[in-house]
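Participant: Return atomic coordinates for the entry below.
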Amino acid sequence: MATPNPVAEFTETPLPAAAYARFRAALQPQVRIELIALEAALGRYLATNVGAPIDLPEFPRSTVDGYAVRVDDLADATGATPASLSVAGEASMGRVPTARVAPGTAVKIHTGAMLPEGAEAVAMVEWSREASPGRITIDRSVRRGDNTIARGEDVRAGEPLLSAGRQLRPEDIGGLAAIGMVQVPVARRPVVAIISGGDEVVPPHVTPGPAQVRDVNAATLAAMVEAAGGTAWRLGIAPDDLAIFTAMAEEALAGADMVIVSGGSSVGTRDVTRAAVDSFGPPGVIVHGVAVRPGKPTLLAIVRDRPFFGLPGNPVSAIATFRLFVLPTLLRFLGVEEPRHRLPIRARLTAPVPPSGGREDYVQVRLTERDGEALAEPVLGKSNLIFTVVRAHGYIRVPVERSGLPAGEVVPVWQY
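Facilitator: Sure thing, here's the model as predicted:
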């Protein structure tokens, strides 16, 4: 079996923000655009800015059932002295009204119907009574624009609506339908190749033998890629053999926009990820080793203009480092330069968090509530225990300058 040359222990371990900044500066991903049907655009990322091609609404209309009127005709209308108007016609839905509102007249109108010429407001039907055939009384005054929507009141033609990089929500789909956009320019989903590394790793359907473990990371990372807007491509498990691993990495680089390797990034003879990356030429490794717990062995590289990540094999570490480094990189392929993070909630720690040993620490927590206050219960466990994450509702960040956190401290919690 071929093995790589030993690699020295990490000589530098920057904090996560500094590590990502260095990596980010070396990478300029291109957003590739595709046109898709509006019905398929939910959750996709806009690739271009969208402006209003038309005024919306395109015509003035009523917001209630009632009568289109002139303001002066109802100026003195009260319950005791209602205004008396002749009915000049009716404005129906979906038709341009032929009747007009002249002084002393009203036009019957339905919700959503186009306002007839001369109308300044709409009096609600509840305010009216039929006095005689073709004649009504109205017992309230109105102001100009009451119970109507003006042309362009929602948006004006040429007005910016949605910006590139926006993830489309159901409300956005409705807005695009309203302006007639049935083909939507979106960022093509980046293909992310996923390789699991290690002689001890077997597929989930295989019963592990002595000293073997099921491949948790491929399924987890693929789900995280898909949830973020990418397309996951699982290439399988690479043994600790440099030649085989390098061949799998070559396949990944030929068909993917990004590559993730979980496991195989450490020190010594097992560091096949770094050895393979080094063989591909510059720029190669940008960062190897980050001052974070869990996730210190993380490798950030660029190979053939593609981001190449070596994530730790322990599942909790792989999940944490995916969120720190892979997720913001993937979003850049979708046109999102500054990811919009969910705002954390504030919760009180129910137990102390021990010191992290000079690293930025990410600790899983469960959320509970007592007397209206949110509580955060640390879910402590080693980074190879996947159910520490499964049981958690979110995580807290312990800055490197803090020597742990005491019970009772109120901390920000980022929910999953």
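Participant: And this protein, what are its domain boundaries?
Facilitator: Following automatic domain parsing, the chain resolves into domains at 16-32+188-333, 33-53+162-187, 61-149, 345-415.
Participant: Give me whichever of those is most buried.
Facilitator: domain 16-32+188-333 (a mean of 20; mean count of other Cβ atoms under 10 Å). For the C-beta atoms, the positions are set from N, CA and C on the backbone; glycine is no exception.
Participant: For that one, give the mean pLDDT please.
Facilitator: If you average the pLDDT over domain 16-32+188-333, you get 93.
Participant: With distance to residue 156 as added columns, please give the domains of the chain in a markdown table.
Facilitator: Formatted as a markdown table, these follow (distance: least, Cβ to Cβ, whole Å):
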| stretch | distance to residue 156 |
| --- | --- |
| domain 16-32+188-333 | 28 |
| domain 33-53+162-187 | 6 |
| domain 61-149 | 13 |
| domain 345-415 | 38 |
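Participant: Out of those, which gets nearest to residue 155?
Facilitator: Of all the domains of the chain, domain 33-53+162-187 sits nearest to residue 155, with 4.4 Å by Cβ to Cβ.
Participant: from memory residue 295 sits against residue 322, does it?
Facilitator: No: counting by Cβ atoms under 8 Å, residue 295 does not reach residue 322; the two are 9.3 Å apart.
Participant: quick revisit: do you know which of the domains of the chain lies nearest residue 339?
Facilitator: Taking Cβ to Cβ, domain 16-32+188-333 is the member of the domains of the chain nearest to residue 339, at 5.2 Å.
Participant: that older thread, could you pull out the residues contacting both of residue 295 and residue 322?
Facilitator: Taking Cβ atoms under 8 Å, 6 or more residues apart in numbering as the contact rule, residue 295 and residue 322 both touch residue 311.
Participant: How far does stretch 393-410 stretch from one end to the other?
Facilitator: Counting by Cα to Cα, to the nearest Å, you get 16 Å between the two ends of stretch 393-410.
Participant: so for that stretch, what's the average pLDDT?
Facilitator: Per-residue scores along stretch 393-410 average to 93.
Participant: what does that stretch contact?
Facilitator: 15, 291, 320, 344, 346-356, 358-367, 376, 378, 411-416.
Participant: what's the longest strand in this protein?
Facilitator: strand 360-370 (DSSP state E).
Participant: List the strands paired with that strand, with their directions.
Facilitator: Strand 360-370 sits in its sheet next to strand 292-293 (parallel), strand 373-378 (antiparallel), strand 394-398 (antiparallel), going by DSSP bridges.
Participant: For the longest helix seen in the chain, name the packing helices and strands.
Facilitator: Ranked by residue count and defined by DSSP state H, the top helix of the chain is helix 242-255. With contacts defined as 3 or more Cβ pairs under 8 Å, 6 or more residues apart in numbering; DSSP states H and E, helix 242-255 has these neighbours: strand 191-197, strand 231-238, strand 258-262, helix 272-279, strand 306-311.
Participant: May I see these organised as a markdown table, with distance to residue 121 added?
Facilitator: A markdown table is the format used below for these (distance: least, Cβ to Cβ, whole Å):
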| stretch | distance to residue 121 |
| --- | --- |
| strand 191-197 | 57 |
| strand 231-238 | 54 |
| strand 258-262 | 58 |
| helix 272-279 | 71 |
| strand 306-311 | 60 |
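Participant: Out of these, which gets nearest to residue 174?
Facilitator: Across those (criterion: Cβ to Cβ), the nearest stretch is strand 231-238, sitting at 26.6 Å.
Participant: Fine by me, we can end here.
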